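In: sequence first, then the predicted structure, then my questions.
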Amino acid sequence: MLIDLLYASARSHPATTALVHRRARITYAELADRVERLAHGLAGRGIRSGDAVALLLANGMDFVTGFFALAGLGAVVVPLNPQFKRQELEACFRSCDVRAVICGDECRDLCERVADTWEYPLQVDISLERLIGSSDPLKLPNRDPGEDLMRQFSSGSTGRPKRLSRTHGQCCAEAHSYTWVQPGDRILCAVPLFHTYGLGCCMLAAVRNAATLVLMEDPHPFLLTRGRALELLEREAITVFPGVPFNFRLLAEAEVGADLSALRLCFSAGTALPRPTFDAFLDRFGVAVRQLYGCTEAGTLTANLDADAVATFESVGRPVGEVRVEVVDHEVVVSSPALTRGYADGASREAFRGGWFYTGDLGRLDGEGRLTITGRKKLLIEVAGHKVDPLEVEDVVISHPRVRDVAVVGVEGRIAGEQAIKAVVVPSEELSERELIHFCQERLAGFKVPQIVERRTEIPKSPLGKVLRKYLL
């Protein structure tokens, strides 16, 4: 079913540039041909419908080609971070029953060492160009919408990752929700394709709408590549740019400038967009960054497409496509044709009820259906009978002029069963614990004031900028 999205764009816009990566450019007709040839080559290597195949590739043409070739064969794609260590890879391979691995040169040795000790044959492929060049095109059939397309893991930022599957039909439903992308748009992908955000808002959105996907060859660390991002935004006349708050802050602070007059839509997701970052990017480039909300379980759920992006800055927008959003006891619950059926580890009962997914995010809906995320239910810290939202405390701490970054977590207190509030801060210059606590005491109720202050050089975050709180406890 997903392969038909590619075929449709190749038929309607065969000469439109599909992918730009480094110096290479290929059209939709050429992309469809590469996908068919690779699928034939992989089939010759024994890949069959239902086989789980790990995709350990950085952003590039190989990822897109490999993803659609596997989808067309009916294999189950397992997109993973190519920076994973051995223990992480082995856990994912075992959980997903991976039978083959497609990886880049940077992962080859590690994947082959894992394969050498695996309990069953584990095939490792690295040279996709060789398979493409030596294979004839293989016309790929449309798949049943109920067939599994992907196995993924929830982010695990507040606990252990949970495995889930999404079908061809679910991913197609997500792809059809990207109505703000049009043929002729040029999307800059500076977020990982192995993550739901990049895979959906960049790859699926582009292919569904015959838009051009411009891939940053190595977007991390973004601090060192922001000049390259600005160069691509200007040179490629990018019109749509999905990113994370960290991207937009660094671009706004860049010493070099760029002409971003072609840019019509910027989306920020992964974590809340700070108002100073919004203002700085708008002042520097004249483009308002809109917030977008989604999850691994369902892809994109809402997007701020409001006519006045400044007035609705805090909102993550209205539901997209056929998504439905409600707020039940302050928790955001969603229903979507793109939503997974549940988790594989038996943890679905609490989160999936009556066709709705209980996200664990706190939020509110206004009278016009706009959603604003106000916190995270599972992050609430219990302090002497009070519930403390760490995001509220973070907002105060980050307002200190000598704090560059902060994350607040609950840790075991002096009294058994009670929690204490710990603020992990990245100071921009010398800052004492006493001074910061006094600063908070002046702005927060006593039970919300951090009892512990820990200084670090950086806050651990996921590739999309989500704070990995489990490493702060």
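Out: Received, thanks.
In: just name the shakiest helix or strand of the protein by mean pLDDT.
Out: When the helices and strands of the chain are scored by mean pLDDT, DSSP states H and E, strand 386-388 comes last with a mean of 75.
In: could you point out the helix or strand that follows that one?
Out: Using DSSP states H and E, the helix or strand that directly follows strand 386-388 along the chain is helix 390-398.
In: all helices for the stretch 251-400 of the chain, in order.
Out: Along the stretch 251-400 of the chain, counting by DSSP state H, counting those that start in this stretch, helices occupy 275-285, 348-351, 390-398.
In: also the stretch 101-250 of the chain?
Out: Applying DSSP H, counting those that start in this stretch to the stretch 101-250 of the chain gives helices spanning 105-116, 128-133, 168-176, 196-197, 205-208, 222-235, 245-253.
In: how about the ones you listed, which one is nearest Ile187?
Out: Nearest of these to Ile187, taken as Cβ to Cβ: helix 205-208 at 5.2 Å. All C-beta atoms are positioned from the backbone trio N, CA, C, and that covers glycine.
In: which residues sit against the closest one?
Out: Outside of helix 205-208, the residues within contact range by Cβ atoms under 8 Å, 6 or more residues apart in numbering are 5-6, 9, 18, 64, 68, 175-176, 178, 181, 185, 187, 211-213, 240.
In: ok, Pro401 to Leu305 distance?
Out: 35 Å (Cβ to Cβ, to the nearest Å).
In: ok, now which ones touch the nearest residue to Gly317 once chain neighbours are set aside?
Out: Leaving aside its chain neighbours, Gly317 sits nearest to Asn304 (3.4 Å; criterion: Cβ to Cβ, 6 or more residues apart in numbering). With contact set as Cβ under 8 Å, 6+ apart, Asn304 has these partners: Arg290, Gln291, Leu292, Thr312, Ser315, Val316, Gly317, Arg318, Arg370.
In: so how many other residues sit close to the third one?
Out: A count of neighbours around Leu292, defined by other Cβ atoms under 10 Å, yields 25.
In: pLDDT score for it?
Out: Leu292 carries a pLDDT value of 97.
In: show me where the stretch 351-473 of the chain has strands.
Out: Along the stretch 351-473 of the chain, the stretches classed as strands by DSSP state E, counting those that start in this stretch are 352-353, 356-365, 371-376, 381-383, 386-388, 403-412, 419-427, 452-455.
In: how about the CA coordinates for the last one, as CSV?
Out: To tie it back to what came earlier, the one meant is strand 452-455. Taking C-alpha atoms only, strand 452-455 is exported to CSV below (Å, rounded to 0.1, in the frame of the first residue of the first chain):
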residue,chain,number,x,y,z
ILE,A,452,19.2,20.0,44.8
VAL,A,453,21.1,21.9,42.1
GLU,A,454,23.6,19.9,39.9
ARG,A,455,25.8,21.7,37.4
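In: hmm, who's touching stretch 93-113?
Out: Contacts for stretch 93-113 (Cβ under 8 Å, 6+ apart): 45-47, 51-58, 62, 66, 70, 76, 78, 82, 86, 89, 92, 114-115, 118, 120-126, 128, 151, 153, 163, 344.
In: what about burial for the residues you listed, which qualify?
Out: Burial by neighbour count, 16 or more other Cβ atoms under 10 Å: within these this picks out 47, 51-58, 62, 66, 70, 76, 78, 82, 89, 92, 114-115, 122-126, 128, 151, 153, 163, 344.
In: and the closest residue to Leu263 other than its chain neighbours, how far from Tyr358?
Out: Distance criterion Cβ to Cβ, 6+ apart; nearest residue to Leu263, sequence neighbours excluded, is Val287 at 5.1 Å. Applying Cβ to Cβ, the value for Val287 to Tyr358 is 35 Å.
In: cool, and Glu217?
Out: From Glu217 to Tyr358 the distance is 39 Å (Cβ to Cβ).
In: same deal with Thr65?
Out: Between Thr65 and Tyr358 the distance, using Cβ to Cβ, works out to 37 Å.
In: more neighbours, those two?
Out: More crowded of Thr65 and Tyr358, by other Cβ under 10 Å: Thr65, with 26 against 16.
In: that older thread, so Pro401 and Leu305 - more neighbours on which side?
Out: Comparing Pro401 with Leu305 by other Cβ under 10 Å, the one with more neighbours is Leu305, at 16 against 8.
In: state the pLDDT value of that one.
Out: 98.
In: ok, now the one 5 residues further on?
Out: The per-residue pLDDT reported for Val310 equals 97.
In: with Ile415 instead?
Out: For Ile415, the pLDDT comes out at 58.
In: right, I'll call it a day here.
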